[in-house]
Structures are given as structure tokens and as C-alpha cells.
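My questions concern the predicted model and sequence given below.
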Amino acid sequence: MSFSKNYAIDAATGLIKREPAQAAVAASGYIGTQHDQGAATATDMMLIANIEAITVGGATPENYRFRMVGSNLANRSDSEIIGEQHIGGAAQVGTGETRSAAAGDRVVLPFRTEKNRTKFRYVDLYLLVAGTAPSITFSAYVTKEI
């Protein structure tokens, strides 16, 4: 894949969420290792997800929500969604969408590790999938380069 913008990749624990060429994901769940900032702090970051393969044409068109989740407890019991990008079949994604997601697309999701004046220590990627037969293959990482 070739993109007009490249982002720095930091190999610190929890920033590389998913390596390229992994098995497809077909169920909702956390992706990759949790990133620990060391303290609750407001940091501007971006999720970069490169879509390698995606199913969107089922009887109930498949759709996928990339959610960045912040928390102050490692077990995520106090988690909050601090960023979200919705992709999939255009009809399922919502009003204004005219193009379904496809292999070769890139998700660029800016987010801040703060919500409603609460700063978060831990950062996770949660993928919520829906539809008849969801299947998505992608690589993903978090960058502090904005």
C-alpha cells in the first residue's frame, strides 16, 4: 500500500496494536497490548489502521468500529471511549456515506487521552464488529506524531 502521509512508528509496549498479515478478525474484542503512559496525562495521539481485507456485502452489511479506549485501571473497569471511527458497508455506517470500506483504505483516528477533564493512563484499541459474517484483516499502531 502507498499513502501520501507516513506516520512515525514507536515500538514501545502497546503502541503497535496489530502487525501486518495476521489472521482475520471476526469478533469484537480488544486488539493488541495495552499501552501504559506511566501516569494519567493528556496526550494527543492517532490510531493508524491499514485495511488489508474487509467483508462488507453480507445480508446485513458488515460494519466495524475502531474505538480508542482510555482508562486509569489496568483492568479497564473505568474505561471511556476517547475516539471512534466507523467503517464498513456504506448503508450501515450512516447518513452521508456513499462508499463502502475496501482493502487498501486507511483509518486515521486522532484522539486525546483525556475526556471531560479526566486524564487517562492506559490506552487500548477495541474493535466492535457487526453484520452477517464480519471479517477484517488490518495492521494498526498508535503514534504520538500528529
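Ah, there it is. Numbers count the residues shown, from 1 in each chain.

only C-alpha atoms for contact and neighbour calcs from this point on.
Noted.

Tell me which residues are up against the worst-scoring helix or strand of the chain on mean pLDDT.
Lowest on mean pLDDT, DSSP states H and E among the helices and strands of the chain sits helix 90-93, with a mean of 74. Residues outside helix 90-93 that contact it (Cα atoms under 8 Å, 6 or more residues apart in numbering) are 61-63, 86-87, 97-101.

So in terms of bridging, what pairs with the residue most central in space within the chain?
The centroid of the chain falls nearest to residue 66 when counting by Cα atoms, centre = their mean (3.5 Å). On the basis of DSSP bridges, residue 66 is bridged to residue 85, residue 127.

chain center to stretch 135-146: distance?
Here stretch 135-146 is found 6 Å from its chain centre; the criterion is Cα atoms, centre = their mean, to the nearest Å.

Quick one: buried ones out of the contacts of helix 90-93?
61-63, 86-87, 100-101 (16 or more other Cα atoms under 10 Å).

Provide the count of other residues in contact range of residue 60.
15 (other Cα atoms under 10 Å).

Output the below-cut-off pLDDT ranges for this structure.
1-5, 95-98, 146 (pLDDT under 70).

Point me to the residue sitting farthest from the middle of it.
residue 59 (24.6 Å).

Find the nearest non-adjacent residue to that one, please.
In space, residue 59 comes closest to residue 132 once its chain neighbours are excluded; the distance is 6.1 Å by Cα to Cα, 6 or more residues apart in numbering.

so the one you found makes contact with residue 61?
Yes. In this structure, residue 132 is within contact of residue 61 by Cα atoms under 8 Å, at 6.7 Å.

what about residue 133, how many neighbours?
For residue 133, using other Cα under 10 Å, the count is 17.

What's the separation between it and residue 60?
Computed as Cα to Cα, to the nearest Å, the residue 133 to residue 60 distance reads 8 Å.

next one: residue 135
From residue 135 to residue 60 the distance is 13 Å (Cα to Cα).

Kindly report the same for residue 72.
Taking Cα to Cα, one finds residue 72 at 36 Å from residue 60.

just residue 26 next, same as before
As judged by Cα to Cα, residue 26 and residue 60 stand 15 Å apart.
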